[in-house]
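A.B. asks: 3D, please:
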Amino acid sequence: MFSRELWLENEKNCAVVRKAKQGRKRQELLAVALGVKVGLKGAFLWPPLKLFAYPQISSLVHRAALTHDNHFNYEKTHNFKVHTFRGPHWCEYCANFMWGLIAQGVRCSDCGLNVHKQCSKHVPNDCQPDLKRIKKVYCCDLTTLVKAHNTQRPMVVDICIREIEARGLKSEGLYRVSGFTEHIEDVKMAFDRDGEKADISANIYPDINIITGALKLYFRDLPIPVITYDTYSKFIDAAKISNADERLEAVHDVLMLLPPAHFETLRYLMIHLKKVTMNEKDNFMNAENLGIVFGPTLMRSPEDGTLTTLHDMRYQKLIVQILIENEDVLF
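C.D. replies: Reported below is the predicted structural model:
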């Protein structure tokens with residue numbers, strides 16, 4: 001059983017290694033861009049070379065590094081539904097004919113794959129959603145959305161957080177104060193209609209609470225919450241552990257069970273919420289307050305019972321509070 005201090009020290013060491021590797025990667029990219037070699041002898045040449053050339057091509061190197069780092073691969077299960085095909089059709093898994101007049105097989109509503117019902121149980125989790133089939137941003141499965149757009153996180157999360165951090169971190173009651181419902185719905189419609197081109201700037205929505213409201217609404221509308229149904233009870237059990245170090249370790253273990261797209265979205269959100277708490281003197285929002293707001297938003301019980309929901313609220317709050325306070329360790 002490891003302590004939080006030991007864990008934190010290990011994470012810092014890993015961060016140093018990653019930073020060193022990134023530095024070498026950028027150095028190599030810059031050298032390639034200039035058409036020179038930077039070996040052992042070139043180490044003496046590197047400092048003046050960097051001073052001379054870095055301002056001119058640093059943006060190029062940065063873009064190249066981002067391109068390299070953004071090779072991600074999220075597995076996604078197919079969303080098969082019984083379908084009646086018009087005309088002759090063959091199964092795209094076994095290549096055999098699909099017999100019958102109605103309900104001959106199933107079709108993935110996300111990518112359009114057509115297979116026999118019995119074959120659908122053997123199809124690998126390699127669904128690549130077709131953007132033409134994704135009609136909206138809100139209420140769309142999180143993994144489906146990021147696979148369709150080939151992004152790490154939903155565009156709504158990126159765009160809203162960027163706008164909030166640009167002009168709202170010091171806003172009193174950030175995330176606690178609600179914006180006008182009609183305006184929040186307007187933002188939702190803008191994302192559904194225009195995608196990443198949606199304009200949520202201060203010129204259109206001067207009240208930052210409208211943007212925070214739109215972000216919270218996106219999380220509430222997810223068919224599968226950010227903290228998924230199958231990990232919900234495990235997070236609640238982890239929150240009930242009295243020993244702080246053991247509780248932190250348990251939370252970390254459950255985080256590893258989240259689907260990659262959900263994990264990355266949660267990680268990015270927690271980094272953002274940590275920034276919110278760093279402005280507590282102005283916005284009066286600490287990790288506990290944000291836990292109260294985001295607990296029921298990020299976590300929803302798979303059971304519909306009101307008593308269960310009420311009983312779990314304090315643990316939902318605690319989980320989000322732990323994630324915010326320890327985001328540098330847990331993620």
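A.B. asks: pretty sure Gly105 is touching Leu113, no?
C.D. replies: No. At 10.1 Å, Gly105 does not count as touching Leu113 under the criterion of Cβ atoms under 8 Å. C-beta coordinates here come from the backbone N, C-alpha and C atoms, glycine included.
A.B. asks: the more surrounded of these two?
C.D. replies: Set Gly105 next to Leu113 and count neighbours by other Cβ atoms under 10 Å: Gly105 wins out with 24 against 20.
A.B. asks: Now do the same contact list for that one.
C.D. replies: 82-83, 85, 89, 91, 98, 114-117, 119 (Cβ atoms under 8 Å, 6 or more residues apart in numbering).
A.B. asks: try 7 Å
C.D. replies: 83, 85, 91, 98, 114-117 (Cβ atoms under 7 Å, 6 or more residues apart in numbering).
A.B. asks: Whichever of these end up buried, select them in ChimeraX.
C.D. replies: A single ChimeraX command selects the buried members of the contacts of Gly105 (16 or more other Cβ atoms under 10 Å):
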select :83,85,91,98,114,115,116
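A.B. asks: what does stretch 114-126 rub up against?
C.D. replies: Stretch 114-126 has contacts (Cβ under 7 Å, 6+ apart) with 75-78, 80, 89, 91-94, 98, 105-107.
A.B. asks: and those residues, which of them are in strands?
C.D. replies: 80, 105-107 (DSSP state E).
A.B. asks: which non-adjacent residue is nearest the residue nearest to the spatial centre of the chain?
C.D. replies: Residue closest to the average C-alpha location in the chain (Cα atoms, centre = their mean): Thr265, at 1.6 Å. Spatial nearest neighbour of Thr265, excluding adjacent residues (Cβ to Cβ, 6 or more residues apart in numbering): Arg153 at 5.0 Å.
A.B. asks: Next: Ser233.
C.D. replies: Excluding its sequence neighbours, the residue lying closest to Ser233 (Cβ to Cβ, 6+ apart) is Pro302, at 8.0 Å.
A.B. asks: got TSV for the ones in strands among the contacts of stretch 114-126, with pLDDT too?
C.D. replies: Output for the ones in strands among the contacts of stretch 114-126, formatted as TSV (pLDDT from 0 to 100):
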residue	pLDDT
Phe80	89
Gly105	91
Val106	93
Arg107	89
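A.B. asks: Helices of the stretch 51-200 of the chain, residue ranges please.
C.D. replies: Secondary structure of the stretch 51-200 of the chain (DSSP state H, counting those that start in this stretch): helices located at 142-149, 155-167, 181-194.
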